[in-house]
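Asks: Any chance you could fold what I've pasted below:
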Amino acid sequence: MASNWTFCGVCEYRHLTKPSVVWCSECDEGLCEECKEHHGFSKGTRSHGIASIADYQKLPYNVLKLASSCDKHKEKYVMFCKNHDCPCCKKCIVESHIQCKELIDIEDITRNIKSSNAFADVEQTLSEIAENIKRLRIDRDDNLALIGKKSKEIEKEVLETRSRINLHLDKLQDAILKDLKTREEEESNKIRRLLKSMTDKEKEIAELQTNIANIKQYASELQTFLALKHIEKDVVAEEKYIQSMVKSDGAKQVDFSCNINPSLQGLISAIQKFGDVVVTADPCKIPIQKHRNKQAQMVVAVKPMTIDRLAPTLLQTLYTELDIVTGFTLLPDRRMVLSCAENKLIRVFKQDGSLDFEIGNIGRVFDVVYIGDNKVAMTSGYSIDFLEINVIELETRKIKKTLKVNSVNSGVAYSEDKLIYCAGKNGIQMINLNNESIVNVTKNYVSVFSYVATFRDNIFYTDCNDDSVTCIDFQGTHDRCSKILVFFKTLQDALLREINTKEEEESNKIRRILKSLIDKEKEITENQTNIGNIKQYASELQTFLSLKHIETNVVVAEQYIQSIVKSDGANQIDFSCKINPSLRGLISAIQKFGDGVVTSDRRINKLR
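Replies: Numbers count the residues shown, from 1 in each chain. Take a look at the predicted model:
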C-alpha cells in the first residue's frame with residue numbers, strides 16, 4: 001500500500017491533517033469526509049469503488065501491500081507482461097520489457113476481473129476443497145469411532161469365549177469329582193459291609209475259642225468227644241467262610257486313579273495363542289469433488305496396511321540401597337518392609353519412599369510377610385544350618401519368637417494363623433503359629449528361590465528353574481483345571497494387549513490425519529474469507545494480482561487432498577479377531593475331564 005490510510009491523502013498534499021474515513025483502491029489513498037464527497041462527484045473518480053477503512057483492513061496483508069503504482073519508478077502501472085507475469089509502468093517497459101511480445105493493457109486485463117470466470121472458478125474450487133476436507137474429516141472421525149467400537153466388541157468376544165471355556169471346564173471338573181465321590185462311596189460301602197461281616201465272624205470265632213478252652217479245662221472226656229464233633233463242623237464252616245471271603249470282590253485291594261483326558265493334557269503345549277487380531281485397511285472411497293474435472297470420482301487403490309501391542313505405569317521408584325531384595329510385604333498403614341539376604345537385615349520404608357528404620361542382627365534373612373498384630377515373620381533362606389523362622393515385633397524391633405522347622409525355608413505366605421513356606425526338597429510346608437505343628441502340603445521339590453502366595457482356598461508357588469507357577473489347594477492337590485484356566489487367562493491377556501496396542505496405533509494415525517485436516521480446513525476457510533473480502537473491497541488491479549497467489553494456494557490445497565486420499569491415513573481401518581480354531585472347537589471336542597479308574601487286586605493269595 002503506497003499511502004498511509006490513517007490520514008486523508010488529498011489533504012496531506014494540501015499540508016492538512018485530517019483522518020481518513022474511506023479508502024479508494026484506484027487512487028491508492030484514504031479520503032476524509034469532505035474529500036470523499038468531492039471524489040464521488042468528480043468525473044475522473046466517480047466510477048472508483050471506495051470502502052470504509054474498517055472494511056478495507058479486512059483484506060489480507062499480501063493484498064494490502066499491492067500498489068497501483070510501480071515501487072521503483074513511482075508511476076502507475078499501464079501494462080501487464082505475460083512473459084514475466086508482472087505489471088509494468090512505462091519506464092519498466094523501456095528498461096526491462098522492450099523485447100517482450102505479450103504485453104497487455106492493464107485496464108483490459110483487469111476489467112471486470114471480479115465477475116470473470118477465473119475468479120468464479122477459484123471461488124468454486126475453494127468451496128469444493130472445503131467440502132472435500134469436511135467429508136474426509138467426518139470420515140476419519142467415523143473411522144476413529146469405529147475402531148474404538150470394534151476393539152470393545154473384540155474384547156467382549158474374547159472374554160466371552162474364555163468365559164464359556166471356563167464354564168465348560170468347570171462342568172467337566174465337577175462331573176469327574178462327582179464321579180470320584182460316588183465311586184469312593186461305593187467302594188467304601190463294599191469294604192464296610194465286609195468289615196462288619198468279618199467283625200461278626202471274629203466274635204463267633206472268639207466265642208468258639210473260649211468254648212473249646214473251657215471244654216478242655218472243665219468237660220469230661222465224653223463231653224469233650226461229643227462237643228468236638230459239633231465244633232469241627234463249625235470250624236469247617238468258618239474255613240469255608242474265609243475261602244469265600246478271599247475269593248469275593250470285597251477282599252480285593254481297591255485303588256483309585258484318574259486318566260485325565262489326553263486332549264486336556266496336551267492343551268497347554270498345543271494352544272499357544274488365543275487368536276489373531278486382523279487389521280484391514282480399505283482404500284478411501286470418499287467421492288472427491290473436482291470442478292475442473294467433473295468425470296472423476298477419486299478412488300485410489302493403495303496397499304493394505306500391516307501392523308505389528310498395556311504397558312505398566314511407573315508410579316514410584318524406591319531407592320533401597322540394598323544389595324538384593326529377597327522379600328517384600330506391605331503393612332496396613334501402607335509402609336513397606338523389604339528383606340535382604342545379602343545384608344542380613346530388613347528395612348521399613350514410609351509410604352513416600354523414605355526410610356523409616358531398619359532391623360539388623362537377626363540372623364539369616366530371606367523372605368518376609370506381615371502376620372498381623374504389628375508383627376512380621378521372616379524366613380532364614382536356603383542354609384541347612386539355620387532351619388528356623390523368626391517372628392519380629394516391629395514396635396520393639398526385636399525377635400519375639402523363633403519357630404524351629406525341619407527344612408530350608410525361602411518364600412513365605414500367611415493365612416489364618418499359619419505360615420506356608422517353600423521347603424526345598426520337602427516341597428511346600430505349613431506351620432501353625434499357635435502350636436508350632438508342621439504339615440507337608442505337597443512333597444514336590446521346589447527350588448530354593450521359590451516364592452509362595454495364597455488366594456482364597458489355593459496356594460500358588462513359583463519355580464525359577466522352569467519359570468512356572470503351580471496352583472494347589474491346602475491339601476496339596478494340584479488343581480489341573482485352574483492351571484489350564486490360568487493358561488487361558490495368559491493367552492487372553494496377551495491377545496487383549498495386542499488389541500489395545502493395535503487400536504492405539506491405528507487411532508494415532510487417524511488422529512494425525514485429523515489434525516492435519518482440521519489445520520487445512522482452517523486455512524481454506526481463511527482463503528474463502530479473504531477472497532470474499534477481495535471481491536467486495538479490493539480494486540480490480542489488486543484483485544487481478546492477488547488472484548495469482550490464491551490460485552497457487554488452491555492448486556496446493558488440491559494436491560494436499562489428493563495426497564491425503566492416497567495415503568494410508570485415509571484408508572478405512574477395520575478390526576476383527578480370528579479366535580484360535582482349537583479354542584473354538586474346545587467345548588465340542590472335549591466332553592470329559594477324564595476317567596476315574598478303580599483297580600481291584602487280590603492281596604491274599606494263600607491262606608495257612
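Asks: rest of the way, CA atoms for contacts and neighbours
Replies: Fine.
Asks: For stretch 365-383, what is the distance to the chain centroid?
Replies: Put simply, stretch 365-383 sits 35 Å off its chain's centre (C-alpha atoms, centre = their mean, to the nearest Å).
Asks: which other residues reach that stretch?
Replies: Stretch 365-383 is contacted from outside by 326-331, 337-341, 344-346, 363-364, 386-395, 408-414, 417, 424, 448, using C-alpha atoms under 8 Å, 6 or more residues apart in numbering.
Asks: In terms of secondary structure, what does the helix or strand harbouring E506 contact?
Replies: Mapping E506 onto the secondary structure by DSSP states H and E places it in helix 480-537. Packing partners of helix 480-537 (3 or more C-alpha pairs under 8 Å, 6 or more residues apart in numbering; DSSP states H and E): helix 117-218, helix 267-270, strand 275-282, strand 468-473, helix 540-566.
Asks: what about stretch 524-536, distance to the chain center?
Replies: In this view, stretch 524-536 has its centroid 47 Å away from the chain centroid, taken as C-alpha atoms, centre = their mean.
Asks: contacts for that stretch?
Replies: Contact partners of stretch 524-536, identified using C-alpha under 8 Å, 6+ apart, comprise 58-60, 114, 123, 126-127, 129-130, 543, 550, 557.
Asks: repeat that with 6 Å
Replies: Applying C-alpha atoms under 6 Å, 6 or more residues apart in numbering, the contact partners of stretch 524-536 are 59, 114.
Asks: Could you pull out the buried residues of that stretch?
Replies: Buried residues in stretch 524-536, counted by 16 or more other C-alpha atoms under 10 Å: 524-525, 527-528, 530-531, 533-536.
Asks: Tell me how confident the model is about stretch 57-76, as a mean pLDDT.
Replies: Stretch 57-76 comes out with an average pLDDT of 78.
Asks: What residues of that stretch count as buried?
Replies: Neighbour counts over stretch 57-76 (16+ other C-alpha under 10 Å) mark 58-60, 63-64, 66-70, 76 as buried.
Asks: So which of these is the closest to H48?
Replies: Using C-alpha to C-alpha, S68 is the member of these that lies nearest H48, at 13.2 Å.
Asks: List the residue ranges of the stretch 251-400 of the chain that fall below the pLDDT cut-off.
Replies: In the predicted model, the stretch 251-400 of the chain carries pLDDT under 70 at residues 264-311.
Asks: Which stretches in it count as helices?
Replies: Secondary structure of the stretch 251-400 of the chain (DSSP state H, counting those that start in this stretch): helices at 262-265, 267-270.
Asks: Just want the phi and psi numbers for C89.
Replies: With angles defined as degrees, to the nearest 10, C89 sits at phi -90, psi -180.
Asks: number of nearby residues for it?
Replies: By the criterion of other C-alpha atoms under 10 Å, C89 has 21 neighbours.
Asks: how about it, what does it touch?
Replies: Residues in contact with C89 (C-alpha under 6 Å, 6+ apart) are 76-78.
Asks: again, only using 8 Å
Replies: Taking C-alpha under 8 Å, 6+ apart as the test, what C89 contacts is 69-70, 73, 75-79.
Asks: The nearest residue to it once chain neighbours are set aside and C88, how far apart?
Replies: Residue nearest to C89 in three dimensions, not counting chain neighbours: Y77, with 4.2 Å by C-alpha to C-alpha, 6 or more residues apart in numbering. As for Y77, its distance to C88 is 5 Å (criterion: C-alpha to C-alpha, to the nearest Å).
Asks: Need the overlap of contacts for the two.
Replies: Taking C-alpha under 8 Å, 6+ apart as the contact criterion, the common neighbours of Y77 and C88 are C70.
Asks: And what about F575, helix, strand or coil?
Replies: strand (DSSP: H, G, I helix; E, B strand; the rest coil).
Asks: For it, give the beta-bridge partners.
Replies: Per DSSP bridges, the residues bridged to F575 are V279.
Asks: Tell me how many other residues crowd it.
Replies: Neighbours of F575 (other C-alpha under 10 Å): 21.
Asks: For it, report the pLDDT, please.
Replies: 74.
Asks: My read is that it contacts I147, right?
Replies: Yes - between F575 and I147 there is a contact under C-alpha atoms under 8 Å: 6.6 Å.
Asks: doesn't Y451 make contact with C422?
Replies: Yes - C422 lies in contact with Y451 (C-alpha under 8 Å); the separation is 6.6 Å.
Asks: Return every residue with contacts to both of these two.
Replies: Residues touching both C422 and Y451 (C-alpha under 8 Å, 6+ apart): 410-412, 461.
Asks: how about those residues in JSON lines, adding secondary structure?
Replies: As requested, the shared contacts of C422 and Y451 are exported to JSON lines (three-state DSSP):
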{"residue": "S410", "secondary structure": "coil"}
{"residue": "G411", "secondary structure": "coil"}
{"residue": "V412", "secondary structure": "strand"}
{"residue": "Y461", "secondary structure": "strand"}
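Asks: and the residue located most distally from the centre of the chain, how far is that from I106?
Replies: Outermost residue of the chain with respect to the C-alpha centroid, by C-alpha atoms, centre = their mean, is L222; its distance is 99.4 Å. Going from L222 to I106 by C-alpha to C-alpha gives 165 Å.
Asks: Could you do C24 as well?
Replies: Applying C-alpha to C-alpha, the value for C24 to I106 is 18 Å.
Asks: So which of the two has more stuff around it?
Replies: Using other C-alpha under 10 Å as the criterion, C24 and I106 rank with C24 on top: 23 against 19.
Asks: if I read this right, that one contacts S52, doesn't it?
Replies: No - with contact defined as C-alpha under 8 Å, C24 and S52 do not form a contacting pair (9.0 Å).
Asks: quick one: low-confidence parts of the stretch 51-200 of the chain?
Replies: By pLDDT under 70, the low-scoring segments of the stretch 51-200 of the chain are 62, 65, 67.
Asks: can you name the two of the shared contacts of C422 and Y451 that are farthest apart?
Replies: Across the shared contacts of C422 and Y451 (C-alpha to C-alpha), the longest gap, 11.2 Å, separates S410 and Y461.
Asks: Return the residues in contact with L433.
Replies: Neighbour list for L433: 417-419 [criterion: C-alpha under 8 Å, 6+ apart].
Asks: what's it sitting at in phi/psi?
Replies: phi -70, psi -20.
Asks: so how many other residues sit close to S197?
Replies: Neighbour count for S197, taken as other C-alpha under 10 Å: 13.
Asks: now do D323
Replies: Neighbour count of D323, defined by other C-alpha under 10 Å: 10.
Asks: Now it. Nearest residue, chain neighbours left out?
Replies: Closest to D323 by C-alpha to C-alpha, 6+ apart is E342, at 6.4 Å.
Asks: how about C70, phi and psi?
Replies: phi -70, psi 130.
Asks: gap between it and I534?
Replies: The spacing between C70 and I534, counted by C-alpha to C-alpha, is 21 Å.
Asks: what do you get for Y421?
Replies: 85 Å.
Asks: do Q562 as well
Replies: Computed with C-alpha to C-alpha, the distance linking Q562 and I534 is 28 Å.
Asks: what does C258 give?
Replies: 91 Å.
Asks: Likewise for S188?
Replies: When S188 is compared with I534 (using C-alpha to C-alpha), they lie 103 Å apart.
Asks: if we can go back for a sec, helix 117-218 and the helix holding E506, what's the angle between them?
Replies: Calculated by axes from the mean of the first three to the mean of the last three C-alpha atoms, to 10 degrees, helix 480-537 forms an angle of 170 degrees with helix 117-218.
Asks: from the chain's centre, how far out does helix 480-537 sit?
Replies: 16 Å.
Asks: and the closest residue to I346 other than its chain neighbours, what does it touch?
Replies: Leaving out its chain neighbours, the residue that sits closest to I346 by C-alpha to C-alpha, 6+ apart is S339, at 4.3 Å. Taking C-alpha under 8 Å, 6+ apart, we find S339 in contact with 325-328, 345-347, 365-368.
Asks: And S339, how far from I428?
Replies: 21 Å.
Asks: Ok, D467 next?
Replies: Counting by C-alpha to C-alpha, the gap from D467 to I428 is 17 Å.
Asks: which of those two has more neighbours?
Replies: Neighbour count, other C-alpha under 10 Å: between D467 and I428, I428 has more, with 28 against 7.
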